[in-house]
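Engineer: Predicted model follows, preceded by the sequence.
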Amino acid sequence: MKPQEVDTAQIRARYPDVFDRPASARLATPAMIVAALAILIYGLVDLDFSPSRFFAGLSQLGWITLMMIPPDPGSSLPIYLKALGETLSIALLGTTLAAVFALPVSLLAARNIVPSNILRFPVRRFLDSIRGVDTLIWALVWINVVGLGPFAGVLAIAVADFGAFGKLFSEAIESADQKQVEGIRASGGSALHEIRFGLLPQVLPVIAGQVLYFIESNTRSATIIGIVGAGGIGLQLAEQIRVLEWQKVSFLILMILVAVAAIDFISGKLRFAIIGRRAVA
Amino acid sequence: MTTAVSILPAQQLAALNGAYRQAVSRRRLRLLWGTGIFAAALVLAAIGAEVNLRTLFTYFGNFVSYFDRILTLENGQRVWTDVGEWFWGWRKWLKMLAETLLISYVGTLIGATFAFALNFFAAENTSPAPWLRFVVRRLLEFARTVPGIVFALVFVIAFGLGPMAGVLAIAIHSTGALGKLFSEIVENADMKPVEGIRSTGASWLACMRFAIVPQVTAGYASYALLRFEINVREASVMGFVGAGGIGQELVVAIRKFYYSDVSAILLTIIVTVFIIDIATGWLRGRLFGKEART
């Protein structure tokens, strides 16, 4: 079979937007790439990247890695275990506190509970600004208030997560089914009854899942707030890095990795048990 | 209108009621156990974390008055009465802020590049060899689990104080996080184009380039933008350990009790984070349409 003759001119005429795309559309992607690269190069220059510095640092890093092997806690294993316990305690307590305080506030931020935009807006912006501040910054603030130590860490995590939970819970509440609330109202329940029997049974499993997930991720946050002095294993880690005890550093990092993996595993199982297979994200 | 409600005979009803009560009480018992264990864990944690409610109550006033103090200028006036005095260091702060943004931009871009290079090896459907996938996955996991600021602490010692350590820390952490997300996108990609291209005798690289990449670039860019948002927050605290950015100024202000500076810098950071959030959200919507928004 002879290949069909293609009349390019006719096809061109028929599909002008495929063959004759305007220059702006054709140049958009390359222009964006060039712009991205230009900012990258400017950034590298502005941030004092120089190849010599980079490679010197890299060889330094190689030495450090070599000195990390084998991981060895020396004689301070009991201290480290205690610090790890402290970290886990900080994560658990901080998250629980945050959840307890966030639940009532999240009701105020949910559209189906507080229909008024004027009331809801300040609550939402308030939660947003709390979330805009990093946990580490909260830790520094709390250290000024209650002094150095794990308690400042608990409060820092509680405040930082309060903002996140407020938003997440209110979203969970907004996506709840309204029919059950209406049913309670139809049978003569008060507003509080509506929340208790119509809403909470729907949202509690979702909330429990989120809280567990945050306990998991807060174990990670709790490991680092020690760096600014708010207790836990981060304090030991920062100290050992400063005195260049690399074997202890690698041991501590391994400890953190194992602890995080263990918490991940446990909370995965628990979430599975609480909310069932379909809701495990 | 009347409806007849059928009522079961008493005997049958009693049996059903009994079964119902038993089921409910079993659930209640389990809930009680769970609550008990949770409460015990909390108490244990409270002891472990040296929670002292007395300290909290004595010093809680400090927390409230702290915000009072950071909103007061040195002459006793509220900060917003004299914005010029409040933001006296705005030139320096804006410069540090620009540095923070640059750190997160460069860090995200480097991280995304490495994640892009690695993710095809980590995805189940495109990895050339199981052992390679295992190695790359563990590598990404490591980069993701070790907090960015810990990398920064180590890098500050290796590369010296300054933004370079911050950039590299953010780059490594982003590589781990994005590598996982990218490989998940690849795993969801349609494999038929790959088969089509492989059937023409193309190499693995060509399969990736012409069959997978066109499907996944939108998702990649969306995640990278999201990561940039997160990295701005992270870069704002990199200065705490000497890795550049506005965190340096903030930590000095907090530690040395320059109260009004603390609120000024915090406000700058919060506003910047807001703007970046909104801008990247708009950009994502603009570039990839509504469905790509996460």
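Structural biologist: Right, received. Where do you want to start?
Engineer: what's the spacing between the residue most central in space within chain B and residue A:265?
Structural biologist: Geometric centre of chain B, nearest residue: residue B:230, 5.5 Å, by CA atoms, centre = their mean. Separation of residue B:230 from residue A:265 (CB to CB, to the nearest Å): 25 Å. The C-beta positions use only the backbone N, C-alpha and C, and glycine is treated the same way.
Engineer: The residue nearest to the centre of chain B sits in which helix or strand?
Structural biologist: According to DSSP states H and E, residue B:230 maps onto helix B:213-238.
Engineer: ok, residue B:9 - how many residues close by?
Structural biologist: 7 (other CB atoms under 10 Å in any protein chain shown).
Engineer: hang on, I meant residue B:223
Structural biologist: Residue B:223 is flanked by 23 other residues according to other CB under 10 Å.
Engineer: for it, what are its contacts?
Structural biologist: Contact partners of residue B:223, counting by CB atoms under 8 Å, 6 or more residues apart in numbering or on different chains, are B:178, B:181-182, B:185, B:294.
Engineer: and if you look at residue A:167?
Structural biologist: Residue A:167 neighbours (CB under 8 Å, 6+ apart): A:106, A:109, A:124, A:127-128, A:131.
Engineer: can you do 6 Å?
Structural biologist: Counting by CB atoms under 6 Å, 6 or more residues apart in numbering or on different chains, residue A:167 touches residue A:127.
Engineer: Could you do the one 3 residues further on as well?
Structural biologist: When contacts are counted by CB under 6 Å, 6+ apart, residue A:170 is found next to A:106, A:109-110.
Engineer: Then residue B:215?
Structural biologist: residue B:189.
Engineer: again, 8 Å this time
Structural biologist: Under the criterion of CB under 8 Å, 6+ apart, the contact list for residue B:215 reads B:189-190, B:193.
Engineer: Quick check, the residue in the stretch 151-294 of chain B closest to chain A?
Structural biologist: Closest approach between the stretch 151-294 of chain B and chain A, counting by CB to the nearest CB: residue B:159, at 3.5 Å.
Engineer: Excluding chain neighbours, give the residue nearest to that residue in space.
Structural biologist: Leaving out its chain neighbours, the residue that sits closest to residue B:159 by CB to CB, 6 or more residues apart in numbering or on different chains is residue A:57, at 3.5 Å.
Engineer: Break down chain A into its helices, ranges please.
Structural biologist: A:8-14, A:16-19, A:23-46, A:51-68, A:77-109, A:117-132, A:135-146, A:150-174, A:178-186, A:191-193, A:200-225, A:233-242, A:246-279 (DSSP state H).
Engineer: what mean pLDDT does the shortest one have?
Structural biologist: Here helix A:191-193 scores 85 as its mean pLDDT.
Engineer: For burial, what's the neighbour tally of residue 127?
Structural biologist: You didn't pick a chain, so chain A it is. Residues near residue A:127, counting by other CB under 10 Å: 23.
Engineer: wrong chain, I was asking about chain B
Structural biologist: Neighbour number of residue B:127 under other CB under 10 Å is 20.
Engineer: buried ones in the helix holding residue B:230?
Structural biologist: Residues B:215-216, B:218-238 are the ones in helix B:213-238 that count as buried (16 or more other CB atoms under 10 Å in any protein chain shown).
Engineer: do the same with stretch B:125-133
Structural biologist: Judged by neighbour count using 16+ other CB under 10 Å, the buried positions of stretch B:125-133 are B:126-127, B:133.
Engineer: Relative to chain A, which of those is nearest.
Structural biologist: residue B:133 (19.0 Å).
Engineer: Give me the nearest residue to that closest one, chain neighbours excluded.
Structural biologist: Per CB to CB, 6+ apart, closest to residue B:133 is residue B:127, 3.9 Å.
Engineer: Just the C-alphas of stretch B:132-151, formatted as CSV.
Structural biologist: This file holds the C-alpha atoms of stretch B:132-151, laid out as CSV (Å, rounded to 0.1, in the frame of the first residue of the first chain):
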residue,chain,number,x,y,z
LEU,B,132,18.6,-0.6,43.4
ARG,B,133,15.1,0.2,44.4
PHE,B,134,15.8,-1.0,48.0
VAL,B,135,19.0,1.1,48.2
VAL,B,136,17.5,4.3,46.8
ARG,B,137,14.4,3.9,49.0
ARG,B,138,16.4,3.6,52.2
LEU,B,139,18.5,6.5,51.2
LEU,B,140,15.5,8.7,50.6
GLU,B,141,14.0,7.5,53.9
PHE,B,142,17.1,8.5,55.7
ALA,B,143,17.2,11.9,54.1
ARG,B,144,13.6,12.4,55.1
THR,B,145,13.6,11.2,58.6
VAL,B,146,16.6,13.0,59.9
PRO,B,147,15.3,16.5,60.6
GLY,B,148,16.6,19.3,58.4
ILE,B,149,18.0,21.2,61.3
VAL,B,150,20.1,18.3,62.4
PHE,B,151,21.7,18.2,58.9
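Engineer: Contacts for that stretch, please.
Structural biologist: Stretch B:132-151 is contacted from outside by A:136, A:220-221, A:223-224, A:227, A:234, A:237, A:253, A:256-257, A:260-261, B:115, B:118, B:121-124, B:127, B:168-170, B:172-173, B:175-177, B:179-180, B:183, B:234, B:237-238, B:240-241, using CB under 8 Å, 6+ apart.
Engineer: Quick one: list the elements packing against the worst-scoring helix or strand of chain A on mean pLDDT.
Structural biologist: Taking mean pLDDT, DSSP states H and E as the measure, chain A has helix A:16-19 as its least confident helix or strand, at a mean of 75. If contacts are counted by 3 or more CB pairs under 8 Å, 6 or more residues apart in numbering or on different chains; DSSP states H and E, helix A:16-19 sits against no helix or strand.
Engineer: can you list the residues of the stretch 51-200 of chain A near chain B?
Structural biologist: Within the stretch 51-200 of chain A, the positions adjacent to chain B are A:53-54, A:56-58, A:60-61, A:64, A:85-86, A:88-90, A:92-93, A:96, A:128-129, A:132-134, A:136-137, A:140-142, A:144-147, A:149-151, A:153-155 by CB under 8 Å from any CB of the partner chain.
Engineer: Out of the contacts of residue B:223, name the ones that lie in helices.
Structural biologist: Checking the contacts of residue B:223 against DSSP H, those in helices are B:178, B:181-182, B:185.
Engineer: Closest to residue A:75 out of these?
Structural biologist: residue B:178 (40.1 Å; CB to CB).
Engineer: Which residues of the stretch 51-200 of chain B lie near chain A?
Structural biologist: Counting by CB under 8 Å from any CB, the stretch 51-200 of chain B sits next to chain A at B:51-52, B:55-56, B:59-60, B:62-63, B:66, B:99, B:102-103, B:105-106, B:109, B:142, B:145-147, B:149-150, B:153-155, B:157-160, B:162-164, B:167.
Engineer: Sketch out the low-pLDDT regions of the stretch 1-150 of chain A for me.
Structural biologist: A:1-4 (pLDDT under 70).
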